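**Q** pasting the sequence and the predicted coordinates here, then a few questions.
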Amino acid sequence: MSAPLNASTNPASDEKLQSPTQTESELSFLEEIANQMMAYHRTSTETKSHNGPVLSNSSPQSLRSTFAAAGVPLEFESSGWSPTQLRQAVSLVLDTSAKTSSPLFLNQLYAGVDPIALAGEWMSATLNSNVHTFEVSPTLTEIEKSCLEKIARCWLNDDGEEAPAHDGLFVPGGSISNLYSLLLARDRMDPTIRQKGMDRSTNPLVAFCSDSAHYSYKKSAIVTGLGEDNLIEVQSDASGAMDPAALREAIAKSLKEGKRPFYVGTTAGTTVLGAFDPFDEIVSVCNEFTELNGGKKLWVHVDGAWGGGAMLSPTQKHLMAGAERADSFCWNPHKMLGIPLQCSAFVTRHQGSLQKANSAFAEYLFQPDKNNAGADLGDRTIQCGRKADALKLWLSWKARGDEGFAKCIDRSFGLGKFMQSEVETSDDKFIMVRDSQCSNVCFWYIPPRLRPFNPKTASKDQWTELSKVAPKMKNLMQDKGDAMIGFQPITDKGLVNFFRLVLPSPRHVTELDLRELLARMDAYGQDF
């Protein structure tokens, strides 16, 4: 007679790895830190230059010295820390990090945190689910699908009863979205590449993007094996938008050379100048070459990571005209809506294309005979592990609605125009580089010794001197803990170092903040 299932010569222990006391201590620490995070978020949105720095200037060496002096070195040791050390480390990390929700954090294409979306981020971390299979993330999977459908409707201008045909994923950043678009375009042009690899001797594929496009297009060309030399930069106009005539010329030239054009990457809101490419004209140019290209249409992608939110605003939507004709689109709600990093969506009008291009049919995950097998998202991706980034967007969109998001977009664009007006009425203390586009404001500060400064007549020596001003001002402002603003040149347009101030999440930024900032910059620069 067989032994009962619970019989064993080795008795089983019900002892856990940690004692109840240790577990409770860690949960108390978690609760304490949650309260600290709430307090930090509340105060960071009100930070001004007079009551706390946006970021204390430091070097890698000084940071390490600060942590070591506090008894919580950044380097690892063999033994674990005490609760007191953990608390000290948490406080130091907060104190030495940029206050990205400050009204004076105007440096990057993200800023501020929507508190409703932050709750979604905390929910996602607490659930700790991987959105690869429906069985482990049922609700999160359906939330992601709902968000992708909503984004596809906004992009394609489709309010019909039935959802427009689409495919999509939430991915880790706009750079990865651009990579997905290149992968899908390559698969449509030549589906054998995923098995056989790319043989340039028989398959000389070439892609195109503007010289103002994000550098991730170049990195995608590297990763996919296309190669940098086969990503052809198309000239942009003075505003930074792609020139359709230059694109036509570049495609025609590549065909004449025996190459196979297959992809054009466009941009809604370029990184520096904020330009929107003329999508309608670009798609039309691409379609001119279908017959000459062996009947193969060029795939057109819209990188709307920064400016794609214009589609949500009735006032700004005209900037996206023609984008609905493209094959794919990406958008980063973490950039202009304050959704916590990161929150990036990639969508395409070609249903099933992600599965076709990326599937590997892992037997241990995507069994065809399990419950709800068709609901899995994981085999569409080039990842396995994937966070539930849609949850925070879904929660915020439900709270604010279309109108709330449109107001946020309009305020961001509007503050950009206000800042331009302040620059233009500054008695030549500041000069615009280009008109404000998206919410990018690009300007030079002119110190008294260089005034009056006329960009049309300035000498080479004057331009050389002006190029030194932005780095010097940036360093001084960081030393003082004042606003963070980026600077850069655009060498191929003959533009020396200038400030690029951006307004990605303007909930806590006011017109007065911006006016006072310019006044302080002028005070700092009197002796430059």
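**A** Cool, the structure landed.
**Q** okay, CA-based contacts and neighbour counts for the rest of this
**A** Will do.
**Q** where does the chain have low pLDDT?
**A** With pLDDT under 70 as the threshold, the chain has low-confidence stretches at 1-8, 47-51.
**Q** can you map out the strands along it?
**A** Along the chain, counting by DSSP state E, strands occupy 105-106, 167-171, 205-210, 231-234, 260-267, 299-304, 328-331, 344-348, 430-432, 440-445, 484-490, 495-502.
**Q** now do the last one against strand 484-490, angle only.
**A** This means strand 495-502. Going by axes from the mean of the first three to the mean of the last three Cα atoms, to 10 degrees, strand 495-502 is angled at 150 degrees with respect to strand 484-490.
**Q** tell me the contacts of residue 508?
**A** Contacts here follow Cα atoms under 8 Å, 6 or more residues apart in numbering; on that basis residue 508 touches 45-46, 102-103, 112.
**Q** out of the residues you listed, what pair is the most spread apart?
**A** Considering Cα to Cα, no two members of these lie farther apart than 46 and 112, which are separated by 10.8 Å.
**Q** which residues does stretch 72-89 contact?
**A** So stretch 72-89 is in contact with 29, 64-65, 67-68, 70-71, going by Cα under 8 Å, 6+ apart.
**Q** between which two of the residues you listed is the distance greatest?
**A** 29 and 65 (25.9 Å).
**Q** the residue nearest to residue 204 when sequence neighbours are not counted: neighbour count?
**A** Setting aside the residues directly before and after it, residue 204 is nearest to residue 259 in space (Cα to Cα, 6 or more residues apart in numbering), at 5.1 Å. In terms of burial, residue 259 registers 19 neighbours under the definition other Cα atoms under 10 Å.
**Q** which residue ranges of the stretch 101-250 of the chain form helices?
**A** Taking DSSP state H, counting those that start in this stretch to define them, one finds helices in the stretch 101-250 of the chain at 115-127, 138-156, 174-189, 193-196, 216-224, 244-256.
**Q** any idea which of those helices is most buried?
**A** Comparing the helices of the stretch 101-250 of the chain on average neighbours per residue, with mean count of other Cα atoms under 10 Å, the densest one is helix 174-189 at a mean of 24.
**Q** what's that helix packed up against?
**A** The helices and strands touching helix 174-189, judged by 3 or more Cα pairs under 8 Å, 6 or more residues apart in numbering; DSSP states H and E, are helix 193-196, helix 216-224, strand 260-267, strand 299-304, strand 328-331, strand 344-348, helix 353-358.
**Q** quote the end-to-end distance of stretch 318-330.
**A** The first and last residues of stretch 318-330 sit 18 Å apart, counting by Cα to Cα, to the nearest Å.
**Q** other residues contacting stretch 62-71?
**A** Residues external to stretch 62-71 that are found in contact with it (Cα under 8 Å, 6+ apart): 73-74, 85, 88-89, 92, 96.
**Q** again, only using 6 Å
**A** Contacts of stretch 62-71 with the rest of the structure, by Cα atoms under 6 Å, 6 or more residues apart in numbering, involve residue 73.
**Q** same question for stretch 422-433.
**A** For stretch 422-433, using Cα under 6 Å, 6+ apart, the contacting residues are 442-446.
**Q** bridged to the closest residue to residue 107 other than its chain neighbours, which residues?
**A** By the measure of Cα to Cα, 6+ apart, the closest residue to residue 107 outside its immediate chain neighbours is residue 485, 4.2 Å from it. The residues listed as beta-bridge partners of residue 485 by DSSP bridges are residue 106.
**Q** and residue 485, how close does it get to residue 518?
**A** Per Cα to Cα, residue 485 is found 12 Å from residue 518.
**Q** quick one: the closest residue to residue 359 other than its chain neighbours from residue 483, how far?
**A** What sits nearest to residue 359 in space, not counting adjacent residues and going by Cα to Cα, 6+ apart, is residue 379, at 5.0 Å. If you measure residue 379 against residue 483 using Cα to Cα, the figure is 44 Å.
**Q** between those two, which has more neighbouring residues?
**A** With other Cα under 10 Å as the criterion, residue 379 and residue 483 differ in neighbour count, and residue 483 comes out ahead with 24 against 21.
**Q** so the more buried one makes contact with residue 104?
**A** Yes: under the contact definition of Cα atoms under 6 Å, residue 483 touches residue 104, with a separation of 4.5 Å.
**Q** closest one to residue 499 among the helices and strands packed on helix 174-189?
**A** Evaluated over the helices and strands packed on helix 174-189, closeness to residue 499 peaks at strand 260-267, with 21.2 Å, by Cα to Cα.
**Q** of the contacts of residue 508, keep whichever come out buried.
**A** With neighbours counted using 16 or more other Cα atoms under 10 Å, the contacts of residue 508 contain these buried positions: 45, 102-103, 112.
**Q** of those, closest to residue 11?
**A** Ranking the buried ones among the contacts of residue 508 by separation from residue 11, with Cα to Cα as the measure, puts residue 112 on top at 55.3 Å.
**Q** ok, now which ones touch that closest one?
**A** By Cα under 6 Å, 6+ apart, the contact list for residue 112 reads 100-101, 338, 505.
**Q** distance of it from residue 213?
**A** Relative to residue 213, and taking Cα to Cα, residue 112 is found at 25 Å.
**Q** just residue 122 next, same as before
**A** Taking Cα to Cα as the criterion, residue 122 is separated from residue 213 by 33 Å.
**Q** for residue 277, same thing?
**A** With the distance defined as Cα to Cα, residue 277 ends up 10 Å from residue 213.
**Q** export the contacts of stretch 422-433 to JSON lines and tack on neighbour count?
**A** Written out in JSON lines, the entries for the contacts of stretch 422-433 read as follows (neighbours: other Cα atoms under 10 Å):
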{"residue": "442", "neighbour count": "27"}
{"residue": "443", "neighbour count": "24"}
{"residue": "444", "neighbour count": "22"}
{"residue": "445", "neighbour count": "22"}
{"residue": "446", "neighbour count": "21"}
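**Q** make CSV out of those residues and add distance to residue 253.
**A** Compiled in CSV, these are given as follows (distance: Cα to Cα, whole Å):
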residue, distance to residue 253
442, 34
443, 37
444, 38
445, 42
446, 43
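**Q** from those, pick the one nearest residue 155.
**A** Nearest to residue 155 among these, counting by Cα to Cα, is residue 442 at 27.8 Å.
**Q** what is the orientation angle of the top helix by length along the chain with strand 495-502?
**A** Secondary structure of the chain per DSSP state H: the longest helix is helix 390-424. Taking the same axes, to 10 degrees, helix 390-424 and strand 495-502 form an angle of 130 degrees between their directions.
**Q** which positions in helix 390-424 come out as buried?
**A** Using 16+ other Cα under 10 Å as the burial criterion, the residues of helix 390-424 that qualify are 390-397, 404-420, 422-423.
**Q** repeat for stretch 365-379
**A** Buried residues in stretch 365-379, counted by 16+ other Cα under 10 Å: 365-366, 375-379.
**Q** same question for stretch 24-42.
**A** Under the neighbour-count criterion of 16+ other Cα under 10 Å, stretch 24-42 has 40-41 buried.
**Q** measure how far it is from the centre of its chain, please.
**A** Relative to its chain's centre, stretch 24-42 lies at 28 Å (Cα atoms, centre = their mean, to the nearest Å).
**Q** and if you look at stretch 201-213?
**A** If you compare the mean C-alpha spot of stretch 201-213 with that of the full chain, they lie 23 Å apart, counting by Cα atoms, centre = their mean.
**Q** what does that stretch contact?
**A** With Cα under 6 Å, 6+ apart as the test, stretch 201-213 has contacts from 230-235, 240, 242, 259-265.
**Q** do me a favour and get the end-to-end distance for it?
**A** Across its full length, stretch 201-213 reaches 28 Å end to end, with Cα to Cα as the criterion.
**Q** likewise for stretch 89-103?
**A** Where stretch 89-103 begins and where it ends lie 26 Å apart, using Cα to Cα.
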